[in-house]
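A.B. asks: Quick one, structure for this:
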Amino acid sequence: MRKYLWLVPVIAVLALGAFFLWKPRPTTAEPGKADAPGAPATSLPIRNVVLFSSGVGYFQRKGEVEGNTRVDLTFQVRDINDLIKSMVLQDEKGVVSAVSYDSLDPVERTLRSFAVNLTNNPTFGNILTQMRGERVEVVLQQNVANQPGTVTGAIMGMETQKQASKEGAIETEVLTLWCAEGVRAIKMGDIQRLRFLNPQIENEFRRALDTLALSHDAQKKAVTLNFVGEGKREVKVGYVVENPIWKTSYRLVLDKDGKPFLQGWAVVDNPTDEDWNGVGMALISGRPISFQMDLYQPLYVPRPMVELELFQSLRPVAYGGAVAPTLTPDPDRLNIAAARQQSAAGNGLRAEKESLRKLGAGVDGDNIQQGKRLSDELQARMDLSRGVQSAATASQLGDFFQYFINAPVTLPRQKSALLPIVNKEVDATRLSIYNPAVHAKFPMLGLKLKNTSGLHLMQGPITVFEGSTYAGDARINDLPPGDDRLISFAVDLGTELEAKSHRPPDRLIAVRIERGLVIRTDKVREEKTYTATNRSGQERTLWIEHPYRADFELISKEQPVERTQEFRRFEMKLPAEAKKSVSMTVVEEKDLSQQIAISNSDDNAIRFFMNNTISSPEVKLALQKALEFKNELVKIQQELANVNQQLKVITDDQTRLRANLREMPQTAAAYKRYLEKFDKQETEIEDLQKQQKALQTSELKSRQSLDAYLINLNVK
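C.D. replies: Numbering: from 1, shown residues only. This is a model prediction of the structure:
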């Protein structure tokens with residue numbers, strides 16, 4: 001009967017069915033025989049490794065066990081959480097009884113939990129003192145006449161006795177046993193071997209020693225697997241733990257006559273402390289979601305303290321308040337020297353002959369022939385397929401892509417390896433790629449690389465060779481089969497570009513009114529002219545990356561060959577004719593809307609829209625009426641301001657009159673005149689205040705009328 005123990009479903013297991021059907025000649029583990037229940041077996045070796053590009057790896061161990069078997073494994077502390085989360089156990093004909101692992105508690109605390117406490121380096125006598133009452137079998141040294149060879153009894157205790165010697169009395173440890181014939185005292189120096197007769201004590205002793213041994217590496221913890229069954233059978237252990245992502249690096253050979261040849265290598269790391277010997281390996285290009293969760297740390301739930309009813313009392317309650325319920329290449333990495341080397345390779349024999357001519361007549365024929373041979377070798381196509389064959393079989397796995405390494409992989413601990421996984425010809429078109437953000441003056445030498453390999457190409461660096469000469473470095477993102485990408489590997493010093501921007505004045509194209517707001521729409525036009533000059537002497541296909549802005553519409557006759565999320569790409573053909581410039585203008589437009597409040601605008605702004613030919617007759621009529629409302633309001637406001645000014649003048653004059661009346665005698669003629677004027681001003685003030693109140697009422701009504709008109713005003 002086959003049973004499974006699933007600690008947690010693991011994402012990798014569901015995706016790896018095809019991998020486990022393919023078996024690269026695994027070697028079966030040979031555990032030791034389990035004569036008694038719980039007898040340890042040889043640790044199960046790693047047989048299959050599946051690496052992902054998300055920082056984890058799936059490891060499967062398998063081997064053969066017999067009877068009731070215990071398998072001991074060790075793991076880094078950092079891997080225990082992943083182990084608990086993902087471990088899968090399989091016993092072909094038996095039962096997985098339990099999985100146990102070391103606690104996070106300090107080793108001293110763990111040692112104290114055993115029947116025999118091995119903390120603080122106890123002596124033989126200290127250990128026997130802990131075991132008082134336990135039955136033991138003691139084998140004695142045969143150095144005293146009439147002394148039995150073996151004594152069996154129960155430990156009574158340890159004592160110290162003084163024994164006579166040539167140096168005088170010395171203290172000697174003595175073990176006292178209760179034997180069948182009575183109490184026997186045995187000097188510790190006479191004991192050759194001692195064995196506990198209780199199997200449980202023997203087991204506790206062994207476990208304590210195992211714990212002590214594992215404590216030497218504080219970063220490792222033991223995991224024990226117990227398999228219960230009969231006879232020989234295969235068992236499997238699978239789990240997902242942290243592992244470096246597998247990476248890729250490529251070599252791309254360009255040739256004028258043949259198709260580009262792409263060679264890819266997988267970079268695999270074994271950071272563990274265990275050798276991978278003849279393991280089956282698969283590399284998955286997908287990125288399954290993987291996370292860490294602290295399952296190893298014991299969690300304790302705080303419990304309330306419950307009082308007896310006799311001592312309970314009411315406590316104040318605190319109530320809470322109610323709560324109402326969104327790739328640009330790095331220019332520093334550009335290798336100008338490589339571009340010059342690329343140009344030299346492109347010029348071919350012409351550059352070679354010029355170089356030989358400069359050597360002068362003093363150069364002998366042998367040196368010239370050597371130079372020719374070197375030149376021929378550098379221009380010859382590099383054949384990467386010689387001696388290197390792809391070691392992987394590729395296939396689609398759902399939404400992922402997987403590489404099965406055809407032969408078993410042996411990788412020692414803390415080592416890395418390069419495994420060839422791609423060896424194919426691909427399609428590519430030579431291009432010069434210009435992006436002002438990369439280089440303002442020169443485009444980049446590059447390719448439009450199409451993935452015709454039938455394989456999923458993982459992101460990574462590409463070393464480009466022209467013939468047999470290094471031409472530069474490039475970088476590529478993940479590239480599915482049949483898709484294409486641009487890559488650039490050097491600066492194109494033979495082509496020069498200039499980009500000029502121009503923005504004509506904005507043009508008013510529409511006027512409408514919405515809820516008292518004038519909405520004006522202007523047409524914004526931006527032009528950018530790219531002028532390219534080809535000095536290489538060879539025809540060039542130039543791609544220009546122009547920024548893509550979703551709010552702008554392309555209206556120029558030049559249309560892009562493709563568009564990405566960031567750029568529109570335009571193509572220009574540059575003839576080989578020296579210094580002949582070719583220009584292209586990209587024209588884009590967008591509508592820009594602005595809101596203008598009629599109530600807060602001056603009359604000139606409103607008249608601008610009334611007199612504009614873009615405004616419809618309905619808009620002009622609505623603005624005319626709004627202007628009449630505003631003029632009426634302004635007229636009232638002016639009258640009110642005039643009345644307020646008069647009141648201020650009279651009030652200020654009255655202040656002066658009051659001061660004069662206080663200083664002047666009442667019998668003076670001027671006093672009487674000031675008093676009459678003061679009385680007359682009081683009458684004027686009363687009249688002006690009446691006018692002020694009336695005008696304020698009129699102003700309020702006029703403003704309300706204007707607001708009511710504007711709030712419902714919607715005209716196109």
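A.B. asks: and the next element down the chain from the helix or strand that K672 is a member of?
C.D. replies: Assigned by DSSP states H and E, K672 belongs to helix 669-711. The first helix or strand that comes after helix 669-711 along the chain, using DSSP H and E, is strand 714-715.
A.B. asks: I'd like to know which elements that following strand is packed against.
C.D. replies: If contacts are counted by 3 or more C-beta pairs under 8 Å, 6 or more residues apart in numbering; DSSP states H and E, strand 714-715 sits against strand 507-514, helix 617-663. Backbone N, C-alpha and C define where each C-beta goes, glycine included.
A.B. asks: rerun at 6 Å
C.D. replies: Other elements packing on strand 714-715 under the criterion 3 or more C-beta pairs under 6 Å, 6 or more residues apart in numbering; DSSP states H and E are helix 617-663.
A.B. asks: what's the angle between the helix it packs on and helix 669-711?
C.D. replies: Here helix 617-663 runs at an angle of 160 degrees relative to helix 669-711 (axes from the mean of the first three to the mean of the last three C-alpha atoms, to 10 degrees).
A.B. asks: and helix 617-663, what does it pack onto?
C.D. replies: In this structure, helix 617-663 packs against helix 603-611, helix 669-711, strand 714-715, with contacts taken as 3+ C-beta pairs under 6 Å, 6+ apart.
A.B. asks: For A490, which of the ones you listed is the nearest?
C.D. replies: Of all those, it is helix 603-611 that lies closest to A490, at 56.3 Å by C-beta to C-beta.
A.B. asks: what's the average pLDDT for that closest one?
C.D. replies: Averaged across helix 603-611, the pLDDT comes to 89.
A.B. asks: quick one: it to helix 617-663, angle?
C.D. replies: Using the same axes, to 10 degrees: helix 603-611 against helix 617-663 is 160 degrees.
A.B. asks: Now do helix 603-611: which elements does it pack against?
C.D. replies: helix 617-663.
A.B. asks: The helix it packs on vs strand 507-514, what angle?
C.D. replies: Using the same axes, to 10 degrees: helix 617-663 against strand 507-514 is 70 degrees.
A.B. asks: The residue lying closest to A626 once chain neighbours are set aside and E588, how far apart?
C.D. replies: Leaving aside its sequence neighbours, A626 sits nearest to I598 (C-beta to C-beta, 6 or more residues apart in numbering; 5.3 Å). Taking C-beta to C-beta, to the nearest Å as the measure, I598 falls 32 Å from E588.
A.B. asks: Rebuild the helices and strands packed on helix 617-663 as JSON lines, extending it with mean neighbour count and distance to G55.
C.D. replies: As requested, these are exported to JSON lines (neighbours: other C-beta atoms under 10 Å; distance: least, C-beta to C-beta, whole Å):
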{"stretch": "helix 603-611", "mean neighbour count": "14", "distance to G55": "62"}
{"stretch": "helix 669-711", "mean neighbour count": "13", "distance to G55": "60"}
{"stretch": "strand 714-715", "mean neighbour count": "14", "distance to G55": "58"}
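A.B. asks: closest to G494 out of those?
C.D. replies: Among the helices and strands packed on helix 617-663, the nearest to G494 by C-beta to C-beta is helix 603-611 (54.1 Å).
A.B. asks: check contacts around D483.
C.D. replies: D483 is in contact with N451, counting by C-beta atoms under 6 Å, 6 or more residues apart in numbering.
A.B. asks: Repeat the analysis, applying 8 Å as the threshold.
C.D. replies: The contact partners of D483, taken as C-beta atoms under 8 Å, 6 or more residues apart in numbering, are 450-451.
A.B. asks: same question, R703
C.D. replies: Applying C-beta under 8 Å, 6+ apart, the residues contacting R703 are L633.
A.B. asks: Could you list the low-pLDDT ranges of this structure?
C.D. replies: Scanning the chain with the threshold set as pLDDT under 70 gives 1-42, 102-109, 144-146, 214-219, 286-368, 371-392, 394-400, 578.
A.B. asks: hmm, back to that, does the residue nearest to A626 touch R515 like I think?
C.D. replies: No. Counting by C-beta atoms under 8 Å, R515 is not a contact partner of I598; they are 10.0 Å apart.
A.B. asks: These two: who's more crowded?
C.D. replies: Ranked by neighbour count (other C-beta atoms under 10 Å), I598 and R515 place I598 first, with 22 against 11.
A.B. asks: OK, contacts around the more buried one?
C.D. replies: 513, 516-518, 606, 623, 626, 630, 710.
A.B. asks: before we move on, what about N534?
C.D. replies: Neighbours of N534 in contact, by C-beta under 8 Å, 6+ apart: 494-495, 540, 574-580, 582.
A.B. asks: Just give the number of residues close to the nearest residue to it once chain neighbours are set aside.
C.D. replies: Leaving aside its chain neighbours, N534 sits nearest to L574 (4.0 Å; criterion: C-beta to C-beta, 6+ apart). Neighbours of L574 under the rule other C-beta under 10 Å: 22.
A.B. asks: Distance-wise, check the residue nearest to A626 relative to L706.
C.D. replies: 9 Å.
A.B. asks: again, but for R515
C.D. replies: R515 sits 13 Å away from L706, taking C-beta to C-beta as the criterion.
A.B. asks: Next: M131.
C.D. replies: Using C-beta to C-beta, we find M131 at a distance of 105 Å from L706.
A.B. asks: Could you do Q263 as well?
C.D. replies: Relative to L706, Q263 is positioned 79 Å away (C-beta to C-beta).
A.B. asks: correct me, but D484 touches L457?
C.D. replies: No. Using C-beta under 8 Å, D484 is not in contact with L457, being 11.1 Å away.
A.B. asks: quick one: which of those two has more around it?
C.D. replies: L457 (27 against 16).
A.B. asks: Thought N477 was touching that one, still the case?
C.D. replies: No. In this structure, L457 is not within contact of N477 by C-beta under 8 Å, at 9.1 Å.
A.B. asks: Report the backbone C-alpha coordinates of the one helix or strand A213 maps to in PDB.
C.D. replies: Using DSSP H and E, A213 sits in helix 199-214. Written as PDB, here are the backbone C-alpha positions of helix 199-214 (Å, rounded to 0.1, in the frame of the first residue of the first chain):
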ATOM      1  CA  PRO A 199      17.100  -0.200  25.800                       C
ATOM      2  CA  GLN A 200      15.400   3.100  26.400                       C
ATOM      3  CA  ILE A 201      18.400   4.400  28.300                       C
ATOM      4  CA  GLU A 202      20.600   3.200  25.500                       C
ATOM      5  CA  ASN A 203      18.400   5.100  23.000                       C
ATOM      6  CA  GLU A 204      18.400   8.200  25.100                       C
ATOM      7  CA  PHE A 205      22.200   8.100  25.400                       C
ATOM      8  CA  ARG A 206      22.500   7.800  21.600                       C
ATOM      9  CA  ARG A 207      20.100  10.600  20.900                       C
ATOM     10  CA  ALA A 208      21.900  12.900  23.300                       C
ATOM     11  CA  LEU A 209      25.200  12.100  21.600                       C
ATOM     12  CA  ASP A 210      23.700  12.800  18.200                       C
ATOM     13  CA  THR A 211      22.300  16.100  19.400                       C
ATOM     14  CA  LEU A 212      25.700  17.000  20.800                       C
ATOM     15  CA  ALA A 213      27.400  16.100  17.500                       C
ATOM     16  CA  LEU A 214      25.000  18.200  15.500                       C
END
